[in-house]
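In: Just a sequence and a predicted model for now, questions to come.
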Amino acid sequence: MLRKIRIILAAVFFIAITVLFLDPAGVVYKWLGWTAKAQFLPAILSLNLVVIILTVIVTLVLGRVYCSVICPLGVFQDIVSNISGRRKGKKNRFTSSKEIKWLRYSVWVLFYAAVIFGVQAFVALIEPYSAFGRIVTSIKHPMMPTVIIAAVTLIVIAILAWKNGRTWCNTICPVGTLLSFISRCAMFRPVIDTEKCKNCKVCEKRCKASCIDIAAHNVDYSRCVACFDCIDNCKFDALHYRFAWGKGSKAEAPAKAAEGEGSDAGRRAFMTGTALAIGAAALKAQEVPKRDGGFAEILPKVSHDRTELLTPFGSKSVKDFYNRCTACQLCVSQCPNNVLKPSTDLMHFMQPYMTYTDGYCRPECTICSQVCPAGAIEPITKEEKTSFHIGVATVERDLCIVQRDGVSCGNCARHCPTGAILMVPQHADDPDSLLIPAVDEAKCIGCGACENLCPSRPLSAIHVNGLPVHIQD
C-alpha cells in the first residue's frame, strides 16, 4: 500500500512539473507553479521558509520521501530503473554497496561553497531540479549550449539509473546528500525483523539505493529514499516501515549502543548539514531566414554589446539575480516573448539573460516573476511592472535610418509604452528637418520595445543598457 501511494504521488509531481516546462501556451503555471516552488534548493535560495521547514519536517518524520516523490530527477531515475528491471533476468539485479563518502561529501561541500560564493555555473550543473528543467526545456526550445549540457546530463543519469538505480542521487546529488543528514535519524524507517528474516536477500537485490546489507541486517538510512520496494517484495514479512526514533541502523544492535552511536551521529549530521545549507541562502539554434513577402532576405537582428547586463523585471539587481538563479530554465521555457535565453558566458553559464533580438518584454507580461522558484525574480503585478526601471535606452544616430537613409521613421516613439522616446528635429537649428529619437531617461523602464521594433539592421539604432541595481518609482 505504501509503495502504491508513493508511486501515485510521484506520478502526479513528475507529470505536473514536466507539463509546466513544456506548457505551449504559457498558462498552466497558474495551477502547477507550486510544484516548482516545492523544490528544496530553489526554496533555500528564495528563503521560502514554509517549503524549507516542511521538507525538513517530512524528512525527519518519514525519511527521504522528497527524493522519491517531489524531486522530478529522482522520479525520472526510478522510471529508467524500473524499465531496466523488466528485462529478462534483471529483476533482482542490485547488490549492497558501501557509501562512497569521499566523492559524496566532496561534491556536497563544493556545491554549497559554490552557492555561498555565487559560482552558479557549478550549482546549475548538478542541482537536480535545474538539471531536469534543462532536459525538458531542451525538447521545447533546443538552444545551444543548453541542449548539449542537457543531453550529456540525460545520458549520464540514464546510464547510471539503468545499471545501478539511484547512484546519482546517493553519490552526486547535493540535495540528496543534505537530506541524508536528516534521514539518518528519521522517526519512521524500514526496519528488519531478524527473527523473521530468512536471509534470502530479495530486499537487498531489489534496493535501487544499494543501502540494504542483509548479511549484517543493516540499512543505511542516509541513502534510503523510502521507496518501499523492499517492504513490498519481502515474502516473509521481515521488513516493516515503523517508528524507530532513537534506534540505530542495525536491527540486532543493542538498544543502548544503537541509540548512543546511531542517533547521536544522525543528530550531529542533521544539525551541521541543515545549518550549512540554509546559511548558503547559448549559442543560438540555427534560424531559417525570414522573408518579407516572398524573395528579399531580411537580415536578422544582432544584439548590442551592453555596458551592463539586463535582468528581468522583479529582480532586485544584476548581482542578486545571478546569485539566486539556479538555471532551471523555467522562465526561459515560459517566456512568451522570446526575451530570455540561456547564456553562453562562462560567468553565468546556462543562466538566463535578456535579449531583444526576437521580441521585447511586454509591460503586461509578468510570467517569469510568477514561475521563478528561487526568488531570483520576485513576483510583481502588471501594475507594478511599469514602476521598475531595469535599463535605459540609448540612441546611436549613425545607425538610425533617419540620418543614415534620409527617411522619416519614428517607429521607436510610436511603440514606447511609457512615452520615454521623443522625436526631435535632426538639426536643432532647423525645426523643419526630419525628426530623430531622443530618450527621456526618467521615463524609460528598459522594456526593449524600441530596440526590438527598430527597422535598422543588423544592429538597432536604439538599444537598452541594463542598470546594475534596479530602481522602483
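Out: All right, it came through fine.

In: what's the helix or strand encompassing residue 139 packed up against?
Out: Following DSSP states H and E, one finds residue 139 within helix 128-140. When contacts are defined as 3 or more C-beta pairs under 8 Å, 6 or more residues apart in numbering; DSSP states H and E, helix 128-140 packs onto helix 2-22, helix 40-45, helix 72-85, helix 120-126, helix 146-164, helix 330-334. C-beta: built from backbone N, CA, C; applies to glycine.

In: try 6 Å this time
Out: Where contact means 3 or more C-beta pairs under 6 Å, 6 or more residues apart in numbering; DSSP states H and E, helix 128-140 is packed against helix 2-22, helix 72-85, helix 146-164, helix 330-334.

In: Can you spell out which helices and strands pack onto the second one?
Out: Counting by 3+ C-beta pairs under 6 Å, 6+ apart, the packing neighbours recorded for helix 72-85 are helix 2-22, helix 128-140, helix 146-164.

In: Report pLDDT for residue 288.
Out: On the pLDDT scale, residue 288 is placed at 42.

In: And for the one 3 residues further on?
Out: The predicted structure scores residue 291 at 49 on the pLDDT scale.

In: re earlier: which one of the helices and strands packed on helix 72-85 lies closest to residue 92?
Out: Closest to residue 92 of the helices and strands packed on helix 72-85, according to C-beta to C-beta: helix 146-164, at 13.7 Å.

In: Could you pull out the buried residues of that closest one?
Out: Within helix 146-164, the residues scored as buried using 16 or more other C-beta atoms under 10 Å are 146, 147, 149, 150, 153, 154, 157, 158, 160, 161, 162, 164.

In: which ones are touching the fifth one?
Out: Spelled out, it's residue 153. residue 131 (C-beta atoms under 6 Å, 6 or more residues apart in numbering).

In: now with 8 Å?
Out: Taking C-beta atoms under 8 Å, 6 or more residues apart in numbering, we find residue 153 in contact with 125, 131, 134, 135.

In: again, but for the first one
Out: Residues in contact with residue 146 (C-beta under 8 Å, 6+ apart) are 134, 137, 138, 282, 329, 342, 350.

In: Compute the distance between the closest residue in space to the fifth one that isn't next to it in sequence and residue 77, please.
Out: I take that to be residue 329. Leaving aside its sequence neighbours, residue 329 sits nearest to residue 137 (C-beta to C-beta, 6 or more residues apart in numbering; 4.0 Å). For residue 137, the distance to residue 77 equals 19 Å [C-beta to C-beta, to the nearest Å].

In: Widest-spaced pair of the contacts of residue 153?
Out: The farthest-apart pair in the contacts of residue 153, when distances are taken by C-beta to C-beta, is 125 and 135, at 12.7 Å.

In: Looking at those two, which one has more neighbours?
Out: Between residue 125 and residue 135, counted using other C-beta atoms under 10 Å, residue 135 has the larger neighbour count: 24 against 18.

In: Got the domain ranges for the protein?
Out: Domain segmentation of the chain under automatic domain parsing yields 2-278, 290-472.

In: Can you lay out the contacts of residue 153 as JSON lines showing pLDDT?
Out: Shown next, in JSON lines, are these (pLDDT from 0 to 100):
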{"residue": "125", "pLDDT": "88"}
{"residue": "131", "pLDDT": "94"}
{"residue": "134", "pLDDT": "92"}
{"residue": "135", "pLDDT": "93"}
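
In: follow-up on the earlier one: can the helices and strands packed on helix 72-85 go into a markdown table with extra columns for distance to residue 391?
Out: Below are these laid out as a markdown table (distance: least, C-beta to C-beta, whole Å):
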| stretch | distance to residue 391 |
| --- | --- |
| helix 2-22 | 28 |
| helix 128-140 | 25 |
| helix 146-164 | 24 |
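
In: picking that back up, which one of the contacts of residue 146 is nearest to residue 214?
Out: Residue 214 lies nearest to residue 134 out of the contacts of residue 146, by C-beta to C-beta, at 38.5 Å.

In: That closest one contacts residue 349, correct?
Out: No. Counting by C-beta atoms under 8 Å, residue 134 does not reach residue 349; the two are 11.4 Å apart.

In: any shared contact partners between these two?
Out: Common neighbours of residue 134 and residue 349 (criterion: C-beta under 8 Å, 6+ apart): residue 327.

In: quick one: which of the two has more around it?
Out: Comparing residue 134 with residue 349 by other C-beta under 10 Å, the one with more neighbours is residue 134, at 26 against 19.

In: Please tell me how far the residue nearest to the more buried one when sequence neighbours are not counted sits from residue 143.
Out: Using C-beta to C-beta, 6+ apart and skipping the chain neighbours, the partner closest in space to residue 134 is residue 150 (4.2 Å). Computed as C-beta to C-beta, the residue 150 to residue 143 distance reads 10 Å.

In: Using the three-state scheme, assign residue 93.
Out: What DSSP: H, G, I helix; E, B strand; the rest coil gives for residue 93 is coil.

In: which stretches of the protein have low pLDDT?
Out: 24-26, 246-298 (pLDDT under 70).

In: Run through the strands of it in chain order.
Out: For the chain, applying DSSP state E gives strands covering 188-192, 212-213, 218-219, 239-243, 290-291, 297-298, 340-342, 352-354, 388-395, 421-427, 430-439, 462-472.

In: Which one of those lies nearest to residue 380?
Out: strand 388-395 (7.2 Å).

In: mind checking how far that closest one is from the chain centre?
Out: Relative to the centre of its chain, strand 388-395 is centred 28 Å away, using C-alpha atoms, centre = their mean, to the nearest Å.
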